[in-house]
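# just a sequence and a predicted model for now, questions to come.
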Amino acid sequence: MNILLVEDEARVAHFIRRGLSAEGWTVEHVADGEIALEHAASNSYDVILLDLMLPGIQGQDVCRRLRARKSKTPILMLTALDSPEEKVDGLKMGADDYLAKPFDFDELIARVEALHRRSTGYASNLDEDVITHGTLSFDMTSLQVTLGGTEIELSKKERDLLLLFLTNIGRVLSRERILNSVWGLNADPLTNVVDVYIGRLRRKIGGEGERIVTLRNVGYRMNEISPHR
């Protein structure tokens, strides 16, 4: 996926770009509206992430001009302004979705993927009340986690981490993706908190923890259930 990120806050842009790049996506970053319009005119993007508060041309005007050019590229607006009126105005300008800062990084990924699916005519329904893999079961309503039918006690971060793995079975998750999804954009990228919590989670989920494998210098993956189990 090819993404144009329009964001003037350097630290925020760095985290978003690093996290999306870890997904294997190509991310081009610009810091003002004028350059964003130039890039959008000369390149093809699958999704545009557009901050509203930009130097020079504001994000709202960038969106209007893109739609005036008949651009059909999905636009996800990113902003600290999250009132219902702001959201409605953004959608009326031609945006396809709206995400208020600070946001959950995993939600950003999900929204980007949803916009891409919608624009390519592909849709899938991933809604489940209870996610079950092997002897693990995660109730999305009660947030109860059971192992072999017995409830296990997990902290909020451990539950968030397990849910991230259960909704990405067989998929490699970079440390950046895990850190941003579970701890947020302000987390220190040099911390070893991801490794510590994965160690705790492995111990708490017993034999199912063996399915969470480490890929050196890449990240982690929760494997599918072996057919020989």
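Noted; the coordinates are in hand. Just so it is clear, the model here is predicted, and its values are computed rather than measured. Numbers count the residues shown, from 1 in each chain.
# and this protein, what are its domain boundaries?
Domains of the chain are assigned by automatic domain parsing as 2-119, 130-222.
# which of the ones you listed is buried the deepest?
Mean neighbours per residue, mean count of other Cβ atoms under 10 Å, is largest over the domains of the chain for domain 2-119, with a mean of 17. In short, each C-beta sits where N, CA and C put it, glycine included.
# tell me where the chain has strands.
2-6, 26-30, 47-51, 75-79, 97-100, 130-133, 136-139, 145-147, 150-151, 172-174, 212-215, 219-222 (DSSP state E).
# if we can go back for a sec, redo the domains of the chain as a markdown table? Include mean pLDDT.
Shown next, in a markdown table, are those (pLDDT from 0 to 100):
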| stretch | mean pLDDT |
| --- | --- |
| domain 2-119 | 87 |
| domain 130-222 | 88 |
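# show me the contacts for the closest residue in space to residue 65 that isn't next to it in sequence.
Leaving aside its sequence neighbours, residue 65 sits nearest to residue 37 (Cβ to Cβ, 6 or more residues apart in numbering; 6.0 Å). Contacts for residue 37 were tallied using Cβ atoms under 8 Å, 6 or more residues apart in numbering; they are 57, 62, 65, 66.
# over to residue 152?
Applying Cβ under 8 Å, 6+ apart, the residues near residue 152 are 145, 146, 204, 205.
# longest helix anywhere in this protein?
helix 105-119 (DSSP state H).
# what sits against the residue most central in space within the chain?
By Cα atoms, centre = their mean, the chain has its centre lying nearest to residue 109, at 2.3 Å. Residues in contact with residue 109 (Cβ under 8 Å, 6+ apart) are 19, 20, 23, 177, 181.
# roughly how far apart are it and residue 173?
To residue 173, residue 109 is 10 Å away according to Cβ to Cβ, to the nearest Å.
# what do you get for residue 61?
To residue 173, residue 61 is 37 Å away according to Cβ to Cβ.
# next, the distance between the ends of stretch 146-161.
The first and last residues of stretch 146-161 sit 15 Å apart, counting by Cα to Cα, to the nearest Å.
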